[in-house]
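Q: I'd like to go over a predicted model; first the sequence, then the structure.
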Amino acid sequence: MKYQMSFAQEEYAGKKKVTRRERFLFEMERVVPWERLCGVVEPHYPQGKRGRPPVGIERMLRIYFLQQWYALADEALEDALYDSQAMRTFAGIDLGSEAVPDATTLLKFRHLLEAHDLTRQIFAEVGALLSERKLLMKEGTIVDATIIAAPSSTKNARKERDPEMHQTKKGNQWYFGMKAHIGVDAQSGLVHSVTGTAANVADIAQTHELLHGEEKEVFADAGYQGVEKREEIVAVASDVEWHIAAKRGKVRAMAEGLLKDLTVGLERAKAQVRARVEHPFHVLKNIFRHRKTRYRGLTKSTTQLHSLFALANLFLARRTLLSAAGA
């Protein structure tokens, strides 16, 4: 996004210290395929024939992505744009000539994305870009899921917890919220499939939704034992080779000897491949700080997951993409 810089912006750009936020936003500026993503939104975006002219699509996408990267509510993002010159520069906003789009404008843009399922299309468009750059090879898939907490408080207008979220027990701990199920490319660690369910839905029940149909091998942890026998899997992936982790108790109970040593070595090799599925979860929870759902209902939360994992893919592939761009 090119625009005329004000004197204040030029003074800010001339400072010697480059902050981590500036460095991150500079990289994302280069790797996000703005033209392609604007093309996804454009057919559904208001044309401005009535009322005040709409904010440009690219600017709204930039502001929306800032919200996802920094885990901000609509009002908090509006305040952050006024506070941060780095964010305003990324969004192309000059306070000397215009105001920051208000929280209601962002709210309406989010509702537009939700109404037309555009975040799923954004996720698919990013996946297409990565496939074109040979970063998604589609020969092997790793499947896994993570729990995302939801507010359990009933101190709200309805005096109840989110009815679409549920509790589940993991180990000796109870969690209330949803699950993000993902299918990850076994070579690059990039996400190619995403689904969202309540937390009490078994991981194995979503496996068929996480396969793209071209994989020859699938890796999963011990929670997916017996997945190859399920009807929905036999129908779509009967010729896939499954590498499912053995239960630790069984391996531990084996008699000491060559067979146990070989089994331990095999399990270690499978675990090294499965470790790649943790990278997108790390970006989601620790870098983008999405550890708790922000919206009520699975539809809105899953819509946000498609945006987050699309951006996580770009973040994970940023060095390769920047090298290809000569940056």
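A: Happy to help now that I have it. Residues are numbered from 1 along each chain as shown.
Q: Okay, helices next: where are they in the stretch 51-200 of the chain?
A: 57-70, 74-83, 85-91, 103-115, 118-132 (DSSP state H, counting those that start in this stretch).
Q: could you dump the ones you listed to a markdown table with mean neighbour count, mean pLDDT and distance to A324?
A: All C-beta atoms are positioned from the backbone trio N, CA, C, and that covers glycine. Putting the helices of the stretch 51-200 of the chain into a markdown table (neighbours: other CB atoms under 10 Å; pLDDT from 0 to 100; distance: least, CB to CB, whole Å) gives the following:
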| stretch | mean neighbour count | mean pLDDT | distance to A324 |
| --- | --- | --- | --- |
| helix 57-70 | 20 | 96 | 21 |
| helix 74-83 | 16 | 95 | 31 |
| helix 85-91 | 21 | 93 | 21 |
| helix 103-115 | 16 | 95 | 28 |
| helix 118-132 | 19 | 96 | 11 |
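Q: ok, residues contacting the helix or strand in which A235 is found?
A: According to DSSP states H and E, A235 maps onto helix 231-236. Applying CB atoms under 8 Å, 6 or more residues apart in numbering, the contact partners of helix 231-236 are 207-208, 211, 213, 227-228.
Q: Next: stretch 23-39.
A: Here stretch 23-39 has contacts from 1, 57-58, 61, 65, 69, 86-87, 89-90, 122, 125-126, 129, 311, 314-315, 317-318, 321-322, 325, 327, using CB under 8 Å, 6+ apart.
Q: quick check: longest strand of the protein.
A: Across the chain, the longest stretch assigned as strand under DSSP state E is strand 173-185.
Q: in it, what counts as buried?
A: 175-185 (16 or more other CB atoms under 10 Å).
Q: helices or strands up against it?
A: Helices and strands touching strand 173-185, by 3 or more CB pairs under 8 Å, 6 or more residues apart in numbering; DSSP states H and E, are strand 140-149, strand 166-170, strand 191-198, helix 278-282, helix 298-316.
Q: re earlier: can you name the element that comes right after the helix holding A235?
A: Helix 231-236 is succeeded, C-terminally, by strand 241-244 (DSSP H and E).
Q: pLDDT of that following strand, averaged?
A: Averaged over strand 241-244, pLDDT sits at 94.
Q: how far away is T299 from R120?
A: To R120, T299 is 11 Å away according to CB to CB, to the nearest Å.
Q: ditto for Y45
A: From Y45 to R120 the distance is 17 Å (CB to CB).
Q: swap in H44?
A: H44 is 13 Å from R120, where distance means CB to CB.
Q: quick one on the thing from earlier: mind giving me a markdown table with the helices and strands packed on strand 173-185 and columns for distance to W34, mean pLDDT and mean neighbour count?
A: Formatted as a markdown table, those follow (distance: least, CB to CB, whole Å; pLDDT from 0 to 100; neighbours: other CB atoms under 10 Å):
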| stretch | distance to W34 | mean pLDDT | mean neighbour count |
| --- | --- | --- | --- |
| strand 140-149 | 28 | 96 | 22 |
| strand 166-170 | 38 | 92 | 14 |
| strand 191-198 | 21 | 96 | 22 |
| helix 278-282 | 22 | 96 | 17 |
| helix 298-316 | 11 | 97 | 22 |
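Q: picking up where we left off before, hmm, which two among the buried residues of strand 173-185 are most spread apart?
A: Farthest-apart pair in the buried residues of strand 173-185 is F176 and D185; separation 31.2 Å (CB to CB).
Q: Let me see the backbone angles for the residue of the chain most remote from its centre.
A: Largest separation from the mean C-alpha position in the chain: G257, at 43.6 Å (CA atoms, centre = their mean). Here is the backbone geometry of G257 (degrees, to the nearest 10): phi 150, psi -170.
Q: The closest residue to S152 other than its chain neighbours pairs with what?
A: Spatial nearest neighbour of S152, excluding adjacent residues (CB to CB, 6 or more residues apart in numbering): F176 at 4.7 Å. Judged by DSSP bridges, the bridge partners of F176 are Q167.
Q: which residues does F176 contact?
A: Taking CB under 8 Å, 6+ apart, one finds 149-150, 152, 161, 165-167, 199 in contact with F176.
Q: And the pLDDT for it?
A: Looking at F176, its pLDDT stands at 95.
Q: Could you measure from it over to A198?
A: Distance of F176 to A198, given as CB to CB: 10 Å.
Q: which neighbours do those two share?
A: In contact with both F176 and A198: 165-166, using CB under 8 Å, 6+ apart.
Q: show me what contacts F315?
A: 28, 283, 287.
Q: Just the buried residues out of those residues, in ChimeraX syntax.
A: With 16+ other CB under 10 Å as the criterion, this ChimeraX line picks the buried residues out of those:
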select :28,283
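Q: Pick the one among the contacts of F315 closest to E217.
A: V283 (24.0 Å).
Q: Next up, the contacts around that closest one.
A: Neighbouring residues of V283 by CB under 8 Å, 6+ apart: 312, 315-316.
Q: Distance to A115 added to the residues you listed, as CSV?
A: Listed next are the contacts of V283 as CSV, based on distance: CB to CB, whole Å:
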residue, distance to A115
A312, 24
F315, 27
L316, 29
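Q: Apart from its chain neighbours, what residue comes closest to K285?
A: Closest to K285 by CB to CB, 6+ apart is R291, at 5.1 Å.
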